[in-house]
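J.: with the sequence up front, the predicted model follows.
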Amino acid sequence: MSPITTVGERIRKIRKEKKLTLEALAGEKITKGMLSLIENNKANPSMESLTYIAEQLGVAVAELLEEVSSQELQGLLEEAERLFNEDFEEYPNKYKDIVSIIRPISDKLVQGYESARLLDIYCRCIYQEEKTGWEEYAERAAQIYDEMNLTTRRGNLGRFRAIVKFMEHDYEKALQILIREREYVESHHAYIDPITRLDFDYHEAILHFAVGDTESAIRVMESAIDFSKKHRIFYLIDDLYRLAAGYAMLSNDKEKMIEYSNKLKLYGEFADDENSILFYHLIRTQILIVLEKRYLDAIQIIDEILQAHSSFIWPYFALQKGAALYLLGRYEETIQVLGKVEISSYVHHPFDLSMLYAKDAYIALSYWKLGEEEAALQHAKQAVDNISPLPHSVNTDFVLETYNEVKNKMTKNRS
């Protein structure tokens, strides 16, 4: 879509849309010839003529003077929204295409919802295309959202700014940005709707966990869950339950694991949400392996799930199967299963990363049991290198303990 950039072109476009001839639009005050010159950019209309033409077309003079009319902006936004919502796997060039249709008018987007939303989409697409300068457009969008008191959109844009740093694994900076954005929105907008509040709570809890501030994370997370229950707003409740259950898994808190896994099961059955049901089974197998030592029962459940599903949660089940096989002494199978575990590019939270990086620690221990010392040390070191930027957790402890164990045993064997 190429924007109309001259008054003449705009007059001609609107005239044709309204199915008016040159003679009908010219009427009695201007000649058909003069109108033709104006439409072809060979003559500039006086303000008097422009006012008359606008009345004839049934539009405001401002719409004819705008470099991009409100009607054109609406059409452009509809197209941008359509492309933005396309599945990336099916349309990998969507961000590039959106940038190409918004770029020609990006400097002309100065007011109104359409301009703000186009700038919002534009900045995200520039970022996805790994180009610099997205921050400028994000700031312009934020200013218009503020002027129009569009709290939900403004809050969402603020969270995007924090998520950028989160995806770079700069968790401290991401948390700082999120708290700053939240404080700004809450102080400059008279009313914060429940959805915006829960979005801020959820992302703040995630980032507190990411930097290792468990106390603050639990406080914010439980506050969000209580708020949802009190006001019967179930937006993000499944994500909050998964977050709570995930922390319970890391801390091996059986009571909390059971509590939140049961909530996820109930939610999943009610909402027909596959991911909630899968997470319930993930916690169930964790309890079987870590707390109840029922390794074969866990493997049976995991195999049934791995055969029936191929969701984003697959690597976590494969990891648990590898752990159970190792604890059963089936070391070659452990190496085979965990060797297939790949960490997707969309995994960024240190909880998930540290859990998945532990695969190399189990592989290292398995190689050690099989007498392959060099392979054991190689995988143990790989695990340590992977978890080195991450905050402390039970998984990072396990990786470090594995590396030290392998290294010390090798030193002892060679002395």
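T.: Cool, got the structure.

J.: report the buried residues of the host helix or strand of Met257.
T.: Counting by DSSP states H and E, the secondary-structure element that holds Met257 is helix 254-271. Of the residues in helix 254-271, those with enough neighbours to count as buried (16 or more other CB atoms under 10 Å) are Lys256, Met257, Tyr260, Ser261, Lys263, Leu264, Lys265, Tyr267, Gly268. Where C-beta positions appear, they are placed from N, C-alpha and C, glycine not excepted.

J.: what does stretch 216-229 give?
T.: So for stretch 216-229, counting by 16+ other CB under 10 Å, buried means Ser216, Ala217, Ile218, Val220, Met221, Ala224, Ile225, Ser228.

J.: thinking again about what came up before, which residues does the helix or strand following the helix holding Met257 contact?
T.: For helix 254-271, the succeeding helix or strand toward the C-terminus, using DSSP H and E, is helix 274-286. By CB atoms under 8 Å, 6 or more residues apart in numbering, the list of residues contacting helix 274-286 from outside reads 238, 241-242, 245, 248-249, 257-258, 260-262, 264-265, 267-269, 298, 301-302, 305, 309, 311-313, 316-317, 320.

J.: relative orientation of helix 274-286 and helix 254-271 in degrees?
T.: 150 degrees (axes from the mean of the first three to the mean of the last three CA atoms, to 10 degrees).

J.: can you dump the C-alpha atoms of helix 274-286 in CSV for me?
T.: Written as CSV, here are the backbone C-alpha positions of helix 274-286 (Å, rounded to 0.1, in the frame of the first residue of the first chain):
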residue,chain,number,x,y,z
GLU,A,274,-3.7,-28.8,26.4
ASN,A,275,-0.7,-26.9,27.8
SER,A,276,-2.1,-26.8,31.3
ILE,A,277,-2.8,-30.5,31.2
LEU,A,278,0.7,-31.2,30.0
PHE,A,279,2.2,-29.1,32.7
TYR,A,280,0.1,-31.0,35.2
HIS,A,281,1.7,-34.3,33.9
LEU,A,282,5.1,-32.7,34.0
ILE,A,283,4.8,-31.9,37.7
ARG,A,284,3.3,-35.4,38.3
THR,A,285,6.3,-37.1,36.7
GLN,A,286,8.7,-34.8,38.7
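
J.: so for it, mean pLDDT?
T.: The predicted model assigns helix 274-286 a mean pLDDT of 92.

J.: re the thing from before, export only the CA atoms of the helix holding Met257, formatted as CSV.
T.: Included here for helix 254-271 are C-alpha records, laid out as CSV according to Å, rounded to 0.1, in the frame of the first residue of the first chain:
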residue,chain,number,x,y,z
LYS,A,254,5.7,-31.4,47.1
GLU,A,255,2.8,-29.7,48.8
LYS,A,256,2.9,-26.7,46.5
MET,A,257,3.5,-28.9,43.4
ILE,A,258,0.4,-30.9,44.2
GLU,A,259,-1.7,-27.8,44.9
TYR,A,260,-0.8,-26.0,41.7
SER,A,261,-0.7,-29.0,39.5
ASN,A,262,-4.3,-29.8,40.6
LYS,A,263,-5.3,-26.3,39.8
LEU,A,264,-3.8,-26.6,36.4
LYS,A,265,-5.5,-29.9,35.8
LEU,A,266,-8.9,-28.4,36.7
TYR,A,267,-8.3,-25.3,34.6
GLY,A,268,-7.1,-27.4,31.7
GLU,A,269,-10.2,-29.6,31.8
PHE,A,270,-12.5,-26.6,32.1
ALA,A,271,-10.9,-24.5,29.3
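
J.: which elements pack onto that helix?
T.: Taking 3 or more CB pairs under 8 Å, 6 or more residues apart in numbering; DSSP states H and E as contact, the helices and strands that helix 254-271 lies on are helix 237-250, helix 274-286.

J.: re earlier: could you dump the buried residues of helix 254-271 to TSV with pLDDT and distance to Arg10?
T.: As requested, the buried residues of helix 254-271 are arranged in TSV below (pLDDT from 0 to 100; distance: CB to CB, whole Å):
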residue	pLDDT	distance to Arg10
Lys256	90	63
Met257	90	63
Tyr260	91	58
Ser261	91	60
Lys263	92	57
Leu264	93	55
Lys265	93	59
Tyr267	91	52
Gly268	91	53
